[in-house]
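> Sequence first, then the predicted structure, then my questions.
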Amino acid sequence: MNNFVLAALAATLGTWLLTALGAATVFFIKKPDKRLMNVMLGFASGVMIAASFWSLLHPAVERATAAGGIPPYLVVTAGFLFGAAFIWATDKAVTRAKAAKDTGTGAWRGRRTFMLVLSITLHNIPEGLAVGVAFGGLARGSAAPEALMGAVTVAVGIGLQNFPEGAAVSVPLRREGKSRLKSFLVGQASGLVEPAAGIAGAILVTAVESALPFILSLAAGAMILVAVHELIPECQKNQSKNPYLATTGIVAGFALMMLLDVMLG
């Protein structure tokens, strides 16, 4: 590995670590209170919706515009729809597989959990690629301090975003009755794809850079489908006494993710 690939690996290991720290918040939730879990599930939804635009769709449009060729609106729309269709098809496949041996609420919860983890993992792949492309690009362009600082900024921004995303996986798992340890392990594992994607991005920077807008929008479509179809309806259940409780969580999650993305560029 050359120095730029090693730098990309180190940076994406850092972004994974912040995912793990976010997932570790599940250890501080002593009892899975339904109201608290509804707020946290809403928070996870808000994080996913905000990340879909600010971290994925917006950068996809910018990169597709800069690349030229196929109109950006076609690339981004096709990727978004493909991502949503992929999650829908996966959902159908999982449902059919579960139907052979599971019935009732258990099967429903297992399917929803799988979709949540899959969508967050898909979202982390283009983030890892983005970090890898940023550092790999230094090898074929300028290695000036400002260029290096730009790559570091990308890694720091994505890493800080990963903290709430780690919680967005582990907390809903805890809500479904999983142990704290299992919720944490699955939550941090959703970020393990970033180092691998970062290495791939640094090595294949030219090819990946051209495909990145489609990959980014694909992940956005996957996340929007899961947030709207699964998480938001679930967090709105049993709220007769506090009808805006989960909605507050959604708004807070969106606002935090938007703040991080806009502030860190």
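Structure received.
> Which helix or strand contains Gly253?
helix 245-264 (DSSP states H and E).
> other SSEs contacting that helix?
helix 34-50, helix 145-175, helix 232-235 (3 or more CB pairs under 8 Å, 6 or more residues apart in numbering; DSSP states H and E). (Glycine included, C-beta is placed from N, CA and C.)
> looking at those helices, which has the lowest confidence?
Lowest mean pLDDT of the helices and strands packed on helix 245-264: helix 145-175, a mean of 75.
> What residues sit buried inside stretch 36-46?
Judged by neighbour count (16 or more other CB atoms under 10 Å), stretch 36-46 contains these buried residues: 37-46.
> Ok, stretch 250-261 next?
Neighbour-count burial for stretch 250-261 [16+ other CB under 10 Å]: 250, 252-254, 256-258, 260-261.
> which residues sit against that stretch?
Outside stretch 250-261, the residues that touch it by CB atoms under 8 Å, 6 or more residues apart in numbering are 42-51, 54-55, 157, 160-161, 164, 168, 232, 235.
> ok, now stretch 82-96?
Counting by CB under 8 Å, 6+ apart, 107, 110-111, 114-115, 118-119, 122, 214, 217-226 sit against stretch 82-96.
> Using PyMOL, make a named selection holding only the buried ones among these.
To isolate the buried ones among the contacts of stretch 82-96 in PyMOL, judged by 16+ other CB under 10 Å, type:
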select buried, resi 107+111+115+118+119+122+214+217+218+219+220+221+222+223+224+225+226
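> pLDDT wise, what is Val251 at?
94.
> where in the stretch 151-265 of the chain is pLDDT low?
By pLDDT under 70, the low-scoring segments of the stretch 151-265 of the chain are 153, 157, 206-208, 239-240, 264-265.
> Report the contact partners of Val169.
Contacts of Val169 by CB under 8 Å, 6+ apart are 23, 44, 116-117, 120, 183, 186-187, 190.
> got the residues you listed as TSV, with secondary structure and distance to Asn3 columns?
Converted to TSV, the contacts of Val169 look like this (DSSP: H, G, I helix; E, B strand; the rest coil; distance: CB to CB, whole Å):
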residue	secondary structure	distance to Asn3
Ala23	helix	31
Ala44	helix	37
Leu116	helix	37
Val117	helix	34
Ile120	helix	31
Ser183	helix	37
Val186	helix	34
Gly187	helix	32
Ser190	coil	29
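> Same list (the buried residues of stretch 36-46) but as JSON lines, adding distance to Ala246.
Converted to JSON lines, those look like this (distance: CB to CB, whole Å):
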{"residue": "Met37", "distance to Ala246": "9"}
{"residue": "Asn38", "distance to Ala246": "4"}
{"residue": "Val39", "distance to Ala246": "6"}
{"residue": "Met40", "distance to Ala246": "9"}
{"residue": "Leu41", "distance to Ala246": "7"}
{"residue": "Gly42", "distance to Ala246": "4"}
{"residue": "Phe43", "distance to Ala246": "9"}
{"residue": "Ala44", "distance to Ala246": "11"}
{"residue": "Ser45", "distance to Ala246": "8"}
{"residue": "Gly46", "distance to Ala246": "10"}
